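**Student:** Sequence and computational prediction follow.
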Amino acid sequence: MNSYKRPGLFGGFSLFPPVIKYLLIANAAVFLLEHFFLSGLKVGDVNLGDQFFKLFALQPIFHTGPYLSPISGPFLPWQLISYMFMHGSFTHIFFNMFALWMFGLELEHLWGSKKFLFYYTICGLGAGLTNLFIAPLFSPVAPTIGASGSVYGILVAFGYLFPDRYIYIYFLLPIKAKYLVIMYMALEVFSVASQSNTGIAHVAHLGGAVVGLVYLIATNKGKLKLFTGNKSESFRSKFYDNFTKPKEEPYKPVKNADYTELKTNDYKQEIEDKQKAIQDRIDAILDKLSESGYQSLTEEEKKTLFEESKKLR
């Protein structure tokens, strides 16, 4: 699964790119299986819903505290993946999937499906490992479910790449993405520090966010851009590296050496002028994209961005 090349509803910008679409379907399918098909279903004395939870929720390595229950089971390696597809209630899955779509949509378009899926997965794994080994240091642990660790990683990536993009809380209150990320992280840290018994895996949320941030810094030459307001530098550099570099064209020499030198200089100047014009054009589009979002682009700008982004895949 790499990138998609077929134009979508908005000139190549699909509302449901492949990875996000299949993640939404998979999470919804597991939710229906868990809560509607297996819940309360028994074979003899065995409750299939409880057994499903024991096998696929992320079970603590050491069960301690008041959370020991009939749905507690042994830790199994595949639970580090399967727990991300399980949710405890409709509101739990709804807000996770909505945030995945809202913040992940643009990331998958910029990164491509393969990189986006890798990032989503490592954030979920980081959240799971943090919950296994670090969460017990702060409070008793329980079996853990949900994609929140990955979603927090997606939120951090959005704030990292688009720090000055406005997010409308409840569709009314505007706040810059970088401040929204800081606010969410501060709330999670406060919840961990206060050891509040909310039944929410706050340490796992922080684990997913930290793993995502470390990955972003490592793949962007160590630049911590979340608080600086820089605009999509890594994406822009991709355009410059893949698009604005001149393509080597064979030069046919002529007999007159002086004439050849003159033509060569003219040719080089022409190439440099074209590079400058292209760079300025892409730079302006990326600035506009970072500030106001994809829908603010004109049809010509969308076409230009779409055509040149295909060269990155």
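**Tutor:** On my side now, so go ahead.

**Student:** C-alpha from now on. contacts and neighbour counts both.
**Tutor:** OK.

**Student:** Now stretch 184-198: buried residues?
**Tutor:** Buried positions in stretch 184-198, judged by neighbour count with 16 or more other C-alpha atoms under 10 Å: Tyr184, Met185, Glu188, Val189, Ser191, Val192.

**Student:** could I have it exported to CSV, CA atoms only?
**Tutor:** Provided in CSV are the C-alpha atoms of stretch 184-198 (Å, rounded to 0.1, in the frame of the first residue of the first chain):
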residue,chain,number,x,y,z
TYR,A,184,-3.7,18.6,25.3
MET,A,185,-0.2,17.5,26.4
ALA,A,186,-0.4,19.7,29.5
LEU,A,187,-3.8,18.2,30.5
GLU,A,188,-2.3,14.7,30.1
VAL,A,189,0.7,15.5,32.2
PHE,A,190,-1.5,17.0,34.9
SER,A,191,-3.7,13.9,34.9
VAL,A,192,-0.6,11.7,35.3
ALA,A,193,0.9,13.9,38.0
SER,A,194,-2.3,14.1,40.0
GLN,A,195,-2.8,10.3,39.7
SER,A,196,-6.4,10.9,38.9
ASN,A,197,-8.5,7.7,38.7
THR,A,198,-10.4,8.5,35.5
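
**Student:** Not counting that stretch itself, show me its contacts.
**Tutor:** Phe138, Ser139, His202, Val203, His205, Leu206 (C-alpha atoms under 8 Å, 6 or more residues apart in numbering).

**Student:** Give the rounded mean pLDDT of that stretch.
**Tutor:** In this model, stretch 184-198 has a mean pLDDT of 83.

**Student:** Distance check, the closest residue to Ala57 other than its chain neighbours against Pro77.
**Tutor:** Counting by C-alpha to C-alpha, 6 or more residues apart in numbering, Ala57 lies nearest to Tyr83, which is 4.6 Å off, once chain neighbours are set aside. Note on Tyr83: its distance to Pro77, by C-alpha to C-alpha, to the nearest Å, is 11 Å.

**Student:** sorry, back to before: return the closest of the buried residues of stretch 184-198 with respect to Val211.
**Tutor:** The nearest member of the buried residues of stretch 184-198 to Val211, counting by C-alpha to C-alpha, is Met185 at 13.2 Å.

**Student:** which SSE is that closest one in?
**Tutor:** helix 177-193 (DSSP states H and E).

**Student:** how far is that helix from where the chain is centred?
**Tutor:** Remark: helix 177-193 is offset 18 Å from the chain centroid, using C-alpha atoms, centre = their mean, to the nearest Å.

**Student:** likewise stretch 167-183?
**Tutor:** 17 Å.

**Student:** same deal with stretch 272-284?
**Tutor:** Worked out by C-alpha atoms, centre = their mean, stretch 272-284 lies 29 Å from the chain centre.

**Student:** cool, stretch 46-58 as well?
**Tutor:** Centroid separation for stretch 46-58 versus its chain: 29 Å, with C-alpha atoms, centre = their mean.

**Student:** Which is the succeeding secondary structure element to the helix or strand Ile154 falls within?
**Tutor:** Using DSSP H and E, Ile154 falls within helix 148-161. For helix 148-161, the succeeding helix or strand toward the C-terminus, using DSSP H and E, is strand 166-169.

**Student:** Would you mind giving the secondary structure of Met88?
**Tutor:** Just to correct that, residue 88 is Gly rather than Met. coil (DSSP: H, G, I helix; E, B strand; the rest coil).

**Student:** Read off the pLDDT value for it.
**Tutor:** On pLDDT, Gly88 comes in at 92.

**Student:** Now the phi/psi pair for it, please.
**Tutor:** phi -90, psi -20 (degrees, to the nearest 10).

**Student:** One more: Phe75?
**Tutor:** Residue torsions, per degrees, to the nearest 10, at Phe75 are phi -70, psi 130.

**Student:** give me the number of residues near the spatially closest residue to it that is not a sequence neighbour?
**Tutor:** Nearest residue to Phe75, sequence neighbours excluded (C-alpha to C-alpha, 6+ apart): Gln59, at 4.8 Å. For Gln59, the neighbour count with other C-alpha atoms under 10 Å is 28.
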